[in-house]
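[1] Sequence and predicted structure below; questions after.
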Amino acid sequence: MPQAKNSVNPGLIGPWRRRFQWLTSLLLLLLPWIQPGGNSLLRIDLPSLSIHLFGQVLRIEELYIFLLFCLVFVIAFLLITLVSGRVWCGWVCPQTTLNDLAEWFARRLKLKIVDDRLQGDNWRKAFAQLFYLLLATLVSANLLWYFIEPQRFFADILNGRMQTGVSLTLAIGTLSVYLDLTLVRRLMCKEFCPYGRIQVALTDSGTLTLCLPESELERCIRCNSCVRCCPMKIDIRTGCQIECINCGRCLDACRTVMHKRRQPGLIHYRFGLDNQGAGALLNPKNLLLSLALATLLSLLVFSVFNRAGASLKVSVSHGAASRILKDGRQATFFNAWINNRNTAMETYRLTVRKQNHHPLTIKGQIERLQLDGGENRKLDYVLVAPPAEEPYMIEFVLLGRQNQERATAKAQILPYRK
């Protein structure tokens with residue numbers, strides 16, 4: 001009989017999986033609270049139509065950067081799936097983490113879980129349901145923190161100023177997660193989640209797989225430990241199955257049993273069904289995706305850190321486009337939007353670049369324009385010039401503290417018509 005290499009430790013991976021789940025869960029909870037320079041690491045701000053991305057504030061006109069980020073995310077997700085298979089499902093997916101936490105708490109209350117249903121005293125089940133409701137509320141609130149600053153979220157609750165839409169979203173989210181924890185649970189992974197089906201289509205000869213090789217079946221003692229511990233209620237001895245989430249519980253159960261017999265476990269993680277080793281990852285599909293990911297990631301970093309520090313948009317006011325003043329000059333009304341894309345406060349000055357030798361005068365707040373990091377401000381201006389006989393172009397210029405040109409915006413002066 002082959003002897004176990006380590007007679008003291010069976011080499012369980014469950015503790016590592018739980019640590020990883022705690023780490024990713026804490027990251028999701030704390031990410032909205034981390035605000036370097038006063039800007040969230042990741043948040044979609046709907047009122048200002050901006051996206052906070054790793055300390056940078058992207059306005060809607062910079063949507064191409066967010067699209068690059070989405071492409072990077074999709075390519076990275078595909079590559080991770082090709083390499084690690086359904087390890088995402090068993091180790092990272094919030095659905096699995098929430099179900100593991102719910103089942104752990106139920107067992108701490110000495111409740112049994114039969115066919116995904118709680119069995120035991122009613123008071124224990126009621127206590128478990130209360131825990132599920134509180135957990136669902138936390139999850140729903142955490143999702144909202146990626147759209148509303150958590151500090152403002154709690155301030156609105158304490159002051160009773162929570163908007164109706166936010167309250168409704170929180171209630172719907174809480175109810176959905178609560179029903180998932182009490183009724184759906186593992187059925188989501190078995191029947192409804194499309195990722196498992198997508199992963200099957202993406203699996204190739206190098207994908208990491210959890211399996212019991214046929215060569216090891218002769219050592220199986222039919223203890224059924226792998227079946228009893230499986231959260232998906234499958235039998236890994238019958239071969240790879242789409243419901244398997246690669247959590248490794250069966251691996252630990254088998255290693256524990258076989259360790260008592262001083263033998264290594266039968267179940268293993270390996271690359272591909274033919275166990276070609278890590279070298280199987282160096283296939284054309286993975287290499288092409290890695291190259292695409294590196295290219296897009298480089299382009300994203302370059303675009304974020306080399307974008308202009310400010311933006312300026314100007315349009316003619318629709319309410320009062322132009323009029324003739326008493327001295328005969330023409331006044332044209334403009335709306336201007338100035339955006340400070342930096343994380344620190346900046347001071348600007350607005351001026352107009354003269355063209356065609358027209359004497360131009362701009363009236364409004366043009367000096368000492370102080371904008372906080374990421375702030376977008378709308379200002380109104382009046383441009384006074386001789387009456388236009390035909391359309392001509394002018395250019396607004398936004399200057400920084402050292403009179404360096406930060407942004408420009410062109411506009412057209414039209415002849416006045418009654």
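    Cool, got the structure.

[2] okay, CA-based contacts and neighbour counts for the rest of this
    Noted.

[3] Assess the claim that Asn342 and Gly374 are in contact.
    Yes. If you go by C-alpha atoms under 8 Å, Asn342 and Gly374 touch, sitting 6.0 Å apart.

[4] Please name every helix or strand in contact with the least confident helix or strand in the chain by mean pLDDT.
    Least confident helix or strand of the chain, by mean pLDDT, DSSP states H and E, is strand 56-59 with a mean of 73. When contacts are defined as 3 or more C-alpha pairs under 8 Å, 6 or more residues apart in numbering; DSSP states H and E, strand 56-59 packs onto strand 50-53.

[5] picking that back up, can you list residues touching both of Asn342 and Gly374?
    Common neighbours of Asn342 and Gly374 (criterion: C-alpha atoms under 8 Å, 6 or more residues apart in numbering): 56-57.

[6] quick one, which of those two is more surrounded?
    The neighbour count for Asn342 versus Gly374, taken as other C-alpha atoms under 10 Å, is higher for Gly374 (26 against 20).

[7] Spit out the contact partners of the more buried one.
    Contacts of Gly374 by C-alpha under 8 Å, 6+ apart are 39, 56-57, 339-344.

[8] what residues does the least confident helix or strand of the chain touch?
    Contact with strand 56-59 is made by 39, 41, 48-52, 65-66, 304, 341-343, 374, as judged by C-alpha under 8 Å, 6+ apart.

[9] quick one: average pLDDT of stretch 204-217?
    Averaged across stretch 204-217, pLDDT comes to 85.

[10] Stretch 167-176 now?
    Over the span of stretch 167-176, the pLDDT mean works out to 95.

[11] Could I get the full set of strands for the stretch 301-418 of the chain?
    310-316, 322-324, 330-340, 346-353, 361-363, 369-371, 376-385, 392-399, 405-413 (DSSP state E, counting those that start in this stretch).

[12] Partner strands of the longest one and their direction?
    Same thing as strand 330-340. Sheet partners assigned to strand 330-340 using DSSP bridges are listed as strand 310-316 (antiparallel), strand 322-324 (antiparallel), strand 376-385 (antiparallel).

[13] CA-only coordinates of the first one in CSV, if you can.
    What that stands for is strand 310-316. Coordinates of each C-alpha in strand 310-316 appear next as CSV, following Å, rounded to 0.1, in the frame of the first residue of the first chain:
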residue,chain,number,x,y,z
ALA,A,310,-9.7,69.2,-16.4
SER,A,311,-12.5,69.4,-19.0
LEU,A,312,-14.6,72.2,-20.3
LYS,A,313,-18.0,72.0,-22.1
VAL,A,314,-19.8,75.1,-23.4
SER,A,315,-23.2,75.5,-25.0
VAL,A,316,-25.5,78.4,-25.9
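
[14] Tell me which residue lies farthest from the centre of this protein.
    Asp327 (58.0 Å; C-alpha atoms, centre = their mean).

[15] What strand or helix carries Val83?
    Per DSSP states H and E, Val83 falls inside helix 63-84.

[16] so what does that helix touch, helix or strand wise?
    Packing partners of helix 63-84 (3+ C-alpha pairs under 8 Å, 6+ apart): helix 195-202, strand 208-211, helix 284-305.

[17] before we move on, back to that, pLDDT value on the residue farthest from the centre of the chain, please?
    pLDDT for Asp327: 86.

[18] Against Gln263, how distant is Cys254?
    Per C-alpha to C-alpha, to the nearest Å, Cys254 is found 10 Å from Gln263.

[19] Name the residue in these two with the higher neighbour count.
    A direct count of neighbours by other C-alpha under 10 Å for Cys254 and Gln263 places Cys254 higher, at 26 against 20.

[20] Verify the assumption that that one is located in a helix.
    Yes. Per DSSP: H, G, I helix; E, B strand; the rest coil, Cys254 lies within a helix segment.

[21] pLDDT score for it?
    Looking at Cys254, its pLDDT stands at 95.

[22] just for the stretch 251-400 of the chain, where's the confidence low?
    Scanning the stretch 251-400 of the chain for pLDDT under 70 picks out 273-274, 319-320, 355-358.

[23] sorry, back to before: and the contacts of Gly374, which of them are buried?
    39, 56-57, 339-343 (16 or more other C-alpha atoms under 10 Å).

[24] Would you reformat those residues as JSON lines and include distance to Asn283?
    Output for these, formatted as JSON lines (distance: C-alpha to C-alpha, whole Å):
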{"residue": "Asn39", "distance to Asn283": "41"}
{"residue": "Gln56", "distance to Asn283": "36"}
{"residue": "Val57", "distance to Asn283": "38"}
{"residue": "Asn339", "distance to Asn283": "46"}
{"residue": "Asn340", "distance to Asn283": "45"}
{"residue": "Arg341", "distance to Asn283": "42"}
{"residue": "Asn342", "distance to Asn283": "42"}
{"residue": "Thr343", "distance to Asn283": "42"}
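
[25] farthest pair in those residues?
    The largest separation in the buried ones among the contacts of Gly374, counting by C-alpha to C-alpha, is between Asn39 and Asn339 at 14.6 Å.

[26] Excluding residues flanking it in the chain, which one is nearest Gly400?
    Once flanking residues are discounted, Gly400 sits nearest to Tyr348: 4.8 Å by C-alpha to C-alpha, 6 or more residues apart in numbering.

[27] Just grab the bridge partners of the one you found for me.
    Here Tyr348, judged by DSSP bridges, has bridge partners Leu369.

[28] and it, how many neighbours?
    Tyr348: 22 neighbours (other C-alpha under 10 Å).

[29] Contacts only, for it.
    Tyr348 sits next to 367-370, 398-401 when contact means C-alpha under 8 Å, 6+ apart.

[30] PyMOL command for the buried members of those?
    PyMOL command restricting the contacts of Tyr348 to the buried ones, with burial defined by 16+ other C-alpha under 10 Å:
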select buried, resi 369+398+399+400
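
[31] Out of the contacts of Tyr348, which is nearest to Pro150?
    Using C-alpha to C-alpha, Gln370 comes nearest to Pro150 of these, at 26.2 Å.

[32] these two touch, right, the closest one and Leu350?
    No. Between Gln370 and Leu350 there is no contact under C-alpha under 8 Å: 11.6 Å.

[33] Kind regards, and thank you for your time.
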